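Q: Next comes the sequence, and after it the predicted model I'd like to discuss.
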Amino acid sequence: MGFIMEFAENLVLKLMEDPNERDRRAREMLYDRFEKCKTTKAMHALPMQPYGFWTFEHHNAQLFWDAQISQVKGRRDPYDDLLEDYNGASSSSK
């Protein structure tokens, strides 16, 4: 009976992985991921487009083409609203 228990114990020990080897692989994987994250963070810190890129005319062209977009509150020129109010007040006073 002892032979069977000894055989089972050796079999289980042989099938189990070495904890030191498992820790070493996990640590290597973690350090590798950490290095990749550092390079990704460095790449994301770089500007994607030069300063003022999104203010170029071709990015804002649709605002001028589409009257519905260009006349929405917040996109209109506030002076246009003042002129309308002024013109409306002067025409109603006559």
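A: Okay, I see it.
Q: Look up phi and psi at residue 7.
A: phi -60, psi -40 (degrees, to the nearest 10).
Q: count of neighbours near it?
A: 10 (other C-beta atoms under 10 Å). C-betas here are computed from N, CA, C, even on glycine.
Q: can you check residue 10 too?
A: If we define neighbours as other C-beta under 10 Å, then residue 10 has 10 of them.
Q: now residue 23
A: 10.
Q: And residue 76, by the same measure?
A: 12.
Q: now it: how far from residue 27?
A: 60 Å (C-beta to C-beta, to the nearest Å).
Q: what do you get for residue 10?
A: As judged by C-beta to C-beta, residue 10 and residue 27 stand 29 Å apart.
Q: which stretches of the protein have low pLDDT?
A: 50, 52-75, 89-94 (pLDDT under 70).
Q: Mind doing that once more with 80?
A: The chain contains residues with pLDDT under 80 at 1, 46-94.
Q: which residues in it form helices?
A: Listed in chain order, the helices of the chain (DSSP state H) span residues 2-15, 19-45, 57-65, 67-70, 78-93.
Q: Out of the ones you listed, flag the one nearest residue 51.
A: Closest of the helices of the chain to residue 51 is helix 57-65, at 13.9 Å (criterion: C-beta to C-beta).
Q: what about residue 43, neighbour count?
A: The number of residues near residue 43, taken as other C-beta under 10 Å, comes to 8.
Q: what separates it from residue 37, distance-wise?
A: Separation of residue 43 from residue 37 (C-beta to C-beta): 11 Å.
Q: repeat for residue 47
A: From residue 47 to residue 37 the distance is 20 Å (C-beta to C-beta).
Q: Which of these two has more residues huddled nearby?
A: residue 37 (10 against 7).
Q: where does that one sit relative to residue 49, distance-wise?
A: In terms of C-beta to C-beta, residue 37 sits 24 Å off from residue 49.
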